[in-house]
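Asker: This is the structure alone, sequence omitted:
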């Protein structure tokens with residue numbers, strides 16, 4: 001597909017014109033390019049796991065990261081959430097942000113605030129470590145990134 005002008009698109013050699021054209025490309029999970037990113041799963045892959053994670057690091061503080069943290073916590077996984085900011089759910093009401101973080105902590109989810117991922121290291125036994133700007137946490141069976149989505153485009 002190619003955009004010809006503000007009112008025309010070319011799809012496999014056939015031109016389509018309209019007053020308004022909406023192109024919905026969909027999205028895909030974004031994983032930052034850091035050392036060890038090949039060991040990371042995203043929210044799509046997390047739905048296809050053959051068994052629950054024993055201990056999982058979830059990188060991201062948005063609602064997708066927190067939803068998965070709640071799911072895995074409910075399955076009795078040891079859950080650690082790493083966020084770059086001081087609080088989860090940036091852009092949400094402050095009281096909601098505080099309440100959600102408090103409730104997650106009370107349920108055993110460990111929140112690591114103001115930690116930016118720098119690398120994922122795979123040990124000889126297959127376990128994963130997450131290195132951040134504040135140190136390294138070891139012993140994860142899985143590391144999941146929920147760090148946003150990017151449009152399905154080539155550009």
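Answerer: Here it is on my side, so go on. Everything numeric in this text was worked out from a predicted model, so none of it was measured. Numbers count the residues shown, from 1 in each chain.

Asker: Quick check: can you name the pairing partners of the helix or strand that contains residue 129 and their directions?
Answerer: Here residue 129 sits within strand 128-132, counting by DSSP states H and E. Taking DSSP bridges as the criterion, strand 128-132 sits next to strand 117-122 (antiparallel), strand 135-140 (antiparallel) in its sheet.

Asker: Now do the last one: everything it contacts.
Answerer: So the one you mean is strand 135-140. By CB atoms under 8 Å, 6 or more residues apart in numbering, the surrounding residues in contact with strand 135-140 are 53, 55-57, 80, 112, 121, 123, 127-130. (Glycine included, C-beta is placed from N, CA and C.)

Asker: List the buried residues in it.
Answerer: Residues of strand 135-140 classed as buried: 137, 140 (neighbour count, 16 or more other CB atoms under 10 Å).

Asker: what does the first one give?
Answerer: Of the residues in strand 117-122, those scored as buried under the neighbour-count criterion (16+ other CB under 10 Å) are 117, 120.

Asker: if we can go back for a sec, could you point out which of the strands paired with strand 128-132 sits nearest residue 149?
Answerer: Closest approach to residue 149 among the strands paired with strand 128-132 is made by strand 117-122 (17.4 Å; CB to CB).

Asker: Mind checking the pLDDT average for that closest one?
Answerer: For strand 117-122, the mean pLDDT works out to 98.

Asker: cool, stretch 126-133 as well?
Answerer: Mean predicted confidence for stretch 126-133 is 98.

Asker: could I get the strands paired with strand 128-132 as JSON lines with distance to residue 69?
Answerer: Listed next are the strands paired with strand 128-132 as JSON lines, based on distance: least, CB to CB, whole Å:
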{"stretch": "strand 117-122", "distance to residue 69": "16"}
{"stretch": "strand 135-140", "distance to residue 69": "13"}
